[in-house]
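Novice: Let's see this in three dimensions:
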Amino acid sequence: MSSSQRADLGRALCIITGASRGFGRTVAREMSRLVKPGSAMVLTARSGEDLRALQAELAESEAGRAGLKVQCVPADLAQMEGLLSVVSEAEAAFSEHIDHVILVNNAASLGDVSRFTRTFTEMAEVDSYLSLNVSSCLCLTARILQALPSRPGLQRSIINITSLCALQPFCSWALYCTGKAAREMMFRVLAAEEPDLRVLSYSPGPLDTEMQAVARSSTADPDLRKTFSDMFAAGQLLTCEASCAKLMKLLLEDSFTSGAHIDVFGPDHCVP
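Specialist: Coordinates of the predicted model:
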């Protein structure tokens, strides 16, 4: 631990999207260990069953026994009703004792990677993808910032879970690359507009998750598909826990430039 690294994330309200599985679930677990007593979590995803299982797990943890309040919100964030339910629960969980609001925009979908860009001719299909992966992310962030405004003694951190795909083209991944690039610029603009916010786009790297399994089996580009398969066979995929540890370290050190893109492997990482 560096001398400048703080020991915890404060008495925090943590709002985590896509929290039911994979990286989002791991983020919820790790954050629960780093917040002070009196903290709260609002966890959202489409799967209510998986969310409730995570809620029960956290209730039995040391943080749960110390009074961490966990609220689950099964919701489709591509629909305004679902988005508003998350904001409502965040407002209800907020109190004057909270000194750190952390919004983790993790929810995302891979999109159809079995096709190349020239095949996406239907606007409704593209609009549906962008609604979940870009529009809902922007609107949720904006509504949380309005609902939980700045005040003395309150830090607000906005985390965008991003990808190398935000920076580099991946053949047959047009939707995913477009969504990640749009989100990245959106949060860079937010950081420029709101200097009191701490904004980070964190790329967790190639994770051993269900999404990666789909990528290995469905990616249309043969070279990219082989790259993913070779990484899996060689044991080069990261666990969610290993990558999340890097994110937690970044948040505890709190020395990143607001709006920055930081990859788990560092600035020279250049493979998926």
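Novice: Determine the longest helix present in this structure.
Specialist: Longest helix in the chain, counting residues (DSSP state H): helix 174-193.
Novice: For that helix, enumerate the helices and strands it packs against.
Specialist: helix 123-130, helix 136-147, strand 155-161, strand 198-203 (3 or more C-beta pairs under 8 Å, 6 or more residues apart in numbering; DSSP states H and E). The way it works is simple: take the backbone N, C-alpha and C, and place the C-beta from them, glycine included.
Novice: Let's see that with 10 Å instead.
Specialist: strand 100-105, helix 123-130, helix 136-147, strand 155-161, strand 198-203, strand 260-263 (3 or more C-beta pairs under 10 Å, 6 or more residues apart in numbering; DSSP states H and E).
Novice: quick one: T219 and M31, what's the gap?
Specialist: 32 Å (C-beta to C-beta, to the nearest Å).
Novice: out of the helices and strands packed on helix 174-193, which comes closest to A75?
Specialist: Distance to A75, taken as C-beta to C-beta, is lowest for helix 136-147 among these, at 9.9 Å.
Novice: quick one, phi/psi of E122?
Specialist: Note on E122: backbone dihedrals following degrees, to the nearest 10 are phi -100, psi 120.
Novice: Quick one: residues contacting it.
Specialist: Counting by C-beta atoms under 10 Å, 6 or more residues apart in numbering, E122 makes contact with S128.
Novice: pLDDT wise, what is it at?
Specialist: Reported pLDDT at E122 in the predicted model: 97.
Novice: Tell me how far it lies from S131.
Specialist: Taking C-beta to C-beta, one finds E122 at 14 Å from S131.
Novice: And the helices and strands packed on helix 174-193: which comes nearest M41?
Specialist: strand 100-105 (9.4 Å).
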